[in-house]
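Student: make a model of this:
(3 chains)
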Amino acid sequence: MTAVDAQTLPQDEAHDRAAAITSRAYFGALMRDRVAFVSAIFLGLLLIAALGADLLAPYEPNQANLRARFVPPLGTARDGGFHLLGTDELGRDLFSRLMHGARVSMSIGLLGALCSGIVGITLGVLAGFYRGLLEDVLMRAVDGMMALPSLLIALFILFVIGPGFGNLILIFTLLHWMVFARMARSLTLNHQQHTYITAARAIGGSDRRIILTHLLPNMVSPLIVLFTLEIAVLILSEASLSFLGFGVQAPQSSWGLMIARGREYISSAWWLVVMPGAAIFLTALALNLVAAWARAITDPVQRWRWLTPPRRKSQPIDDED
Amino acid sequence: MRAMQPYETLDAVPAPLLDIRDLRVSFDTPHGLVKAVGGVSWSLSPGETLGIIGESGSGKSVGLEAIMGLIKSPPGHVSGQVLFDGRDVLTMAERDRRQLRGEKIAMIFQDAMSALNPSLTVGTQIAEVYRLRRKCSQAEAERKAIELMDRVKIPSAKTRVGCYPHEFSGGMCQRVMIATALALNPQILIADEPTTALDVTVQRQIMTLLAELQREDGMALVLITHDLGLVAETVDRAMVMYAGRIVESGPVDALFETPTHPYTRGLIRSMPRLDGASGALHAIGGTPPAAGRMPRGCAFHPRCEQRVDRCLTERPNLRMVAKGQAAACHLAEETRHD
Amino acid sequence: MTDTPVFEVRDIRKDYVLGKPGLFGGKLRSLAAVRDVSFTLRRGETVGLVGESGCGKSSLARTVLRLNEPTGGEVRYHGRNILDLPKAEMQKLRRHIQVVFQDPYSSLDPRFTVRRILSEPWQVFPDIVPPARREARVAELLTLVGLNPSDADRYPHQFSGGQRQRIGIARALALEPEVIVCDEAVSALDVSVQAQVVNLLKDLQDKLGLAYLFIAHDLSVVRHISDRVIVMYLGQVVEEGPTDAVFRTPRHPYTVALLSAVPVPDPKQKDRDVIVLEGEVPNPIMPPSGCPFHPRCAHARDLCRQTPPPVREVGDARVRCHFAGELEPAADLRHLAGPSEPGDRA
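Tutor: Modelled structure (predicted):
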C-alpha cells in the first residue's frame, strides 16, 4: 500500500488562498476589478440618492417654477438657480426628480424581478426535477403566456383592479415569471445530468435537500444575470404603463414616466428623455457588471482569477532551462 | 510489414517523411507561461507505424497539434522545426500549411461523434475536403463519398451516404472520420486515441481496418494512445512521453522486453493482466505534475523509486541505451538489466 | 469470506417505455435494458460485471441501487427485499449500499469543499458520526483513501482525476456501507493512476470487508479485482462464474470474442489469431430472434436463430448458449493462459 499513497504535490498558493476566503479578500478582489468597482460605487450612490432624496435633492421635485422652464443641463435659470441636469416644461429640477424617481423605479424593478423570480424559479425547478404532468402543464402554460400580448393584458387587469404600486408588482409577477421558469427548468434538467446529483440521492438525500443544497446553488450564476436583465426590462415596462396612465400616478414620478412625458419635447429639450434614459441604462449596466463579478467570485473554479494579483505575462513559472 | 528496420540511431534511417526537431510548445496563462511540450525530436519514415504513449497531460496531443499547425498564437508559442519532405511546416504560409493538412497529413480524433457536424449528412462531410480541393461536381463528390465509405467498410454505403451522424453508432462515426481523413490519400495519418471511446470488439474492428488501409496505401500512421496493449499490437516503434518530454523510445519489442526508464517500467507493471497473474498492481505513486508545476531536475523524480540526488537537480537527456532504444534517465545503464 | 449473502439480486428486469402515447393511443414500444439478471454478493466478495456499451450494465447498477425503479424481480439486502420499501425507508437503507461513479469530474459538487462533500452524508444520517467527531472523521477518511487531511478545505477542481476518485470513494465510505457499487469507477483514469485506485479498492475491501459490484468495460481490470464475473450482452447474462474459470476457459462465443479482442501489452503475441466480430450490437428495441448473439456468432445454427438458449451449467460456470461446452473456441487464447514468463511480473 505504501507505493499507492498519493503524495501531495506542492499546493498552489492561489488555490489555497481561494479556499480560505474572507470578506476582506472579497473587497480586495472588488478593488482589483476596476469595472466592477466603479459599477458598485455607482449603485451605492444611486441607493443613497434614492433613500435620501428628501434630504439630498437640491430642489423640491414637484415644485413648478415657470421662470425656470427648459433650462438645459449645467444651465442657470433666470432666477439664478443652478440646474445640474436642467429642468422640464414646468421648471422642475431634473436632477431632483431623478433622485426621487429612482426610489419608485428601483423598487418596482427590484421587487418585480424578485417576485417573478421566486415564482418562476420555484415552478421551473419543480417542473425540471419532477418532470411528468407538472412539467407538461407548466411548460404549456409558459408557452401560452409568452404568446399573450403582455402590455394589453396588463392594461386590462390594471383597468379592472386599478393602478398603484402594489398592483403593478402583481402584474409584473404575473407576466414575467415565465422567463425565470423556463430558464430554471432547463438549468435543472442540465444539472441533473451531473452525477453529483445522483450521488446526493445515493447517500439518501431527500429531494428537498438535493434541490436546496446542490441544484439551486449551482444555478445561481445564470439566474443572477437574468435577474439583473429583468430589472431593466421591468423599469421600462413600468415606463410604458405609466405613460398610458395606468402605472405610477402623478405627482409621484418614476424614470419611465419622465421619459414618457419628455417625449413631447424631444426636439427642443432632449435632456428630458436622455437623462432618465441614461439613468435606466447605467443602472442596468452597473447591475450586470456587478452581477458578472459576483458570479465569478462565488464560483470556486473561477474565483482564483480575481483573488490573485495578475502575474506578468510570458514569465516562465517552471524552474527549468 | 516493415518492422525489420535497422535502428542505428534514434531516428529511423530512410529519408524521413516527417522530421521533428526540438519542438517546444508553451501557452500564456494567467499564471504565466506554461510549457506543454519541451524539446521533443523524432522522425517518421514513409509507411512506418509510430506509437506515442502517454497519460493525460503528457503533451502527446498538444505536440501533434503543433505539428499540424493547429496551435493558435497567442496564447500558444511553438518553436523548433517540423520538416515535412524537407520543408518546415512551422514557418510556411498558412495557405500552404492548410494544403499540407488536407493533402499530406490527416488526423482523426478520439470523439468522432462530436468531431462530426450533426447537421450535415455524413456523405457531405466525407467528400467536403475532396470537393474543395479537387473542385468536382456534387455527383462526383457523392460517388467519392460512397467509394470511401465502402473502403472503411460501412455497410450499404449507397443508402447510408445521406444519413446524419446521430444515426450512426460510435464505431461507425469513427469510420466516417477515417473516410474523411482518407479522401485525399494522405501520406501520414495521425490517430489521436482513435478507439478510446469505443468498446473492445469495435476497437478491434477499427484497428484491423486501419492496419488494412495502411497496408493498401502505404501511408505512415502515428498512433497516440495511453493503451499499452494497442501499442504492442499495432506499432513498429514507440515513444513514451511524460510531462512534455520523451522519456523513452525504441522498437516496440525492446520497449516491452527491456523497458529502461522507470516510468515505462511502471506503466507496464501497473497494467492489470488478462492472464490473471494476481497480487497488487504495481502502481506508480503520486500523480503526474500539473502543467506549470514541473519539478526541478527529472520531471519524474517525485514518483520515482530509484531516484538519486542527481535526479533532483539535473534533467537527464535522452540517450541511446541499446540498439535503437533511447531513454532519459540518469540510471539507465545501471537499472536496465535488473 | 463468510457465506452470508449480503446482497442478492433475483431476476431483476428493467424495461424502458419509449416515447409517450400519442394523442390517439397507439402501441408503446419498450426496451428491455436488463432482462432477468441474478447474482449474489457475499461479504468481502467482488462480483465483476462486463459487457459493451448498451449491454445494460449501467441500467443494472442504477436499478439495483433503486435510483431507477425496476420493472420486476427482487433485490435483497440481508434477505429483505428493498424494492418493496416505501421511499422513506429506502432512503434510510441507502447508507448500507453505496456507489462510486465513473466520472470523477461531474460526480462531486463543484461548490462544495472536500470537507463538506465528506460530511454531507452525516447530515442525512446524523447518528453515524456525532458532530463532535466529524472533523476527525473527515481526516481519517482522507487518510484512508490516501489523501492528505489538509486537503479538506480544497475544492474538487483543485484535484487530479485520480484524487477526485479517491474523494468519491471516501464519500461512499463515510456512511460505513457493506456494499459498494463501482460503476466504471476506474475507467476514466490513466493507467498508472487506475492501478492506484484498484489497489485502494482491494485494500479497503480487505480492511472493511466490503462487497463490491464492480462494473467495467475493461476486462483486465475486472479479471484482476473480481472473484466472480458476469458477462452481459443485450441486457442478458450470457456467462457467469468464478473469474478464473470464465477467463481461462470462456464458453460463450461472445465471451471468447470479447477476450480475444482485448489488446495484449506483449509484442510477442501480436500475431495471434484474433476474432474480429462482424457488425455491431443490435438495437435493443428490436432484439434478434432466438439467441440475441446469433447474428454475430460464428457458430450460429438454425436452432440459435429460432430458440432462445437456456442457461446451461458447464463446470463452475453458467452459460446461456445452446452449445455451451461443446464448442472449440475459434480464437487463439494463449494470452489468457497465464504469465508467459513467471518471473516477468515483479
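Student: host element of the residue in the stretch 201-346 of chain C that chain B sits nearest to?
Tutor: Nearest residue of the stretch 201-346 of chain C to chain B: residue C:263, at 3.1 Å (C-beta to the nearest C-beta). Backbone N, C-alpha and C define where each C-beta goes, glycine included. Using DSSP states H and E, no element contains residue C:263; it sits outside every helix and strand.
Student: that one contacts residue B:230, doesn't it?
Tutor: Yes: using C-beta atoms under 8 Å, residue C:263 makes contact with residue B:230 at a distance of 4.8 Å.
Student: find residues that contact each of these two.
Tutor: B:203, B:207 (C-beta atoms under 8 Å, 6 or more residues apart in numbering or on different chains).
Student: returning to that earlier point: relative to residue A:32, how far out is the residue lying closest to the residue of the stretch 201-346 of chain C closest to chain B once chain neighbours are set aside?
Tutor: Among residues not flanking residue C:263 along the chain, residue B:229 sits closest, at 3.1 Å (C-beta to C-beta, 6 or more residues apart in numbering or on different chains). In this view, residue B:229 and residue A:32 are 50 Å apart by C-beta to C-beta, to the nearest Å.
Student: tell me where chain B has strands.
Tutor: B:18-29, B:32-44, B:49-53, B:76-84, B:87-88, B:105-108, B:188-192, B:220-225, B:237-242, B:245-251, B:319-322, B:325-327 (DSSP state E).
Student: so residue B:229 and residue A:32 - more neighbours on which side?
Tutor: residue B:229 (22 against 14; other C-beta atoms under 10 Å in any protein chain shown).
Student: tell me the mean pLDDT for the lengthiest helix in chain C?
Tutor: Longest helix in chain C by number of residues (criterion: DSSP state H): helix C:191-208. In this model, helix C:191-208 has an average pLDDT of 90.
Student: quick one: the helix or strand that comes right after it to chain centroid distance?
Tutor: Per DSSP H and E, the first helix or strand lying C-terminal to helix C:191-208 is strand C:211-215. Counting by C-alpha atoms, centre = their mean, to the nearest Å, strand C:211-215 is centred 6 Å from the centre of its parent chain.
Student: what sits closest to residue 109 if chain neighbours are left out?
Tutor: As the question left the chain open, I've gone with chain A. Nearest non-adjacent residue to residue A:109 (C-beta to C-beta, 6+ apart): residue A:231, at 4.0 Å.
Student: chain C, not that one
Tutor: Per C-beta to C-beta, 6+ apart, closest to residue C:109 is residue A:196, 4.5 Å.
Student: can you tell me what sits against the helix or strand containing the one you found?
Tutor: Using DSSP H and E, residue A:196 sits in helix A:195-202. With contact meaning C-beta under 8 Å, 6+ apart, helix A:195-202 is reached by A:191, A:209-210, A:213-215, C:65, C:67, C:94, C:98-99, C:101-103, C:106-110, C:120, C:168, C:171.
Student: out of those residues, which sit inside helices?
Tutor: If you go by DSSP H, the contacts of helix A:195-202 have A:191, A:209, C:120, C:168, C:171 in helices.
Student: can you get me the start-to-end distance on stretch C:292-309?
Tutor: 9 Å (C-alpha to C-alpha, to the nearest Å).
Student: residues contacting the residue nearest to residue C:263?
Tutor: Contacts of residue B:229 (C-beta under 8 Å, 6+ apart): B:271, C:262, C:263, C:264, C:265.
Student: thinking again about what came up before, and the strands of chain B as CSV, adding mean neighbour count, distance to chain C and mean pLDDT?
Tutor: Formatted as CSV, the strands of chain B follow (neighbours: other C-beta atoms under 10 Å in any protein chain shown; distance: least, C-beta to the nearest C-beta, whole Å; pLDDT from 0 to 100):
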stretch, mean neighbour count, distance to chain C, mean pLDDT
strand B:18-29, 19, 15, 89
strand B:32-44, 21, 16, 87
strand B:49-53, 26, 9, 93
strand B:76-84, 18, 23, 89
strand B:87-88, 12, 33, 88
strand B:105-108, 24, 18, 89
strand B:188-192, 23, 14, 92
strand B:220-225, 24, 10, 93
strand B:237-242, 26, 10, 93
strand B:245-251, 26, 9, 93
strand B:319-322, 16, 15, 88
strand B:325-327, 25, 13, 91
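Student: distance to chain A for those strands - can I get that in TSV?
Tutor: Listed next are the strands of chain B as TSV, based on distance: least, C-beta to the nearest C-beta, whole Å:
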stretch	distance to chain A
strand B:18-29	6
strand B:32-44	4
strand B:49-53	21
strand B:76-84	8
strand B:87-88	23
strand B:105-108	27
strand B:188-192	25
strand B:220-225	23
strand B:237-242	14
strand B:245-251	10
strand B:319-322	18
strand B:325-327	19
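Student: could you export those as TSV, including distance to residue B:134?
Tutor: TSV is the format used below for the strands of chain B (distance: least, C-beta to C-beta, whole Å):
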stretch	distance to residue B:134
strand B:18-29	24
strand B:32-44	26
strand B:49-53	28
strand B:76-84	21
strand B:87-88	22
strand B:105-108	15
strand B:188-192	19
strand B:220-225	23
strand B:237-242	34
strand B:245-251	38
strand B:319-322	45
strand B:325-327	42
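Student: hang on, isn't residue B:101 packed against residue B:69?
Tutor: Yes: between residue B:101 and residue B:69 there is a contact under C-beta under 8 Å: 6.9 Å.
Student: I am finished for the moment; much appreciated.
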